[in-house]
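S.K.: Here is my input; please provide its structure:
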Amino acid sequence: MVRNIPSKYTQKMLLQTLEQSTGSVGVDFVFLPVHVHSSRGKGYAFVNFTDPTGVIRIHAALHGLHWTKFDSGKVCEVVYARLQGRQELENTLGRNYGVDMLCQRYRKR
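M.R.: Predicted coordinates:
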């Protein structure tokens, strides 16, 4: 899970930041919730890595650093999420947000 993401970040921007920070990290699922009315991010994202070393590299590269876009004062946090694995993320997030297609829309292939 990545926390304290500036609200103007999009899924694409987040993926670019992850890839620029560590190279190819093997991400197969990203869910960046947005507010319904403003379409801005809620400040966190669920990210599933295909390889556990991706988490270690992202943590080393981003955790504790200030986000560079939008002059944000927020400090990135990379933390262990309660939900683990792509299937569990898809099942739980899809059910909690009440829209089955939500996970399809935000999944990186």
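S.K.: Look at the residue located most distally from the centre of the chain and tell me its secondary structure.
M.R.: Relative to the centre of the chain, the most outlying C-alpha is that of His37, 20.4 Å out, by Cα atoms, centre = their mean. Judged by DSSP: H, G, I helix; E, B strand; the rest coil, the three-state class of His37 is coil.
S.K.: how close does it get to Tyr44?
M.R.: According to Cβ to Cβ, to the nearest Å, His37 and Tyr44 sit 18 Å apart. (Each C-beta comes from the backbone N, C-alpha and C, glycine too.)
S.K.: CA atoms only for stretch 68-80, dumped as CSV, please.
M.R.: Below are the C-alpha coordinates for stretch 68-80, written out as CSV (Å, rounded to 0.1, in the frame of the first residue of the first chain):
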residue,chain,number,x,y,z
THR,A,68,8.0,15.7,-6.5
LYS,A,69,4.9,16.6,-8.5
PHE,A,70,2.4,19.4,-7.6
ASP,A,71,4.6,21.0,-4.9
SER,A,72,3.1,18.7,-2.4
GLY,A,73,4.3,18.6,1.2
LYS,A,74,3.2,15.0,1.6
VAL,A,75,5.7,12.4,2.4
CYS,A,76,5.4,9.0,0.7
GLU,A,77,4.7,6.0,2.9
VAL,A,78,5.1,2.4,1.6
VAL,A,79,3.4,0.1,4.1
TYR,A,80,2.3,-3.5,4.4
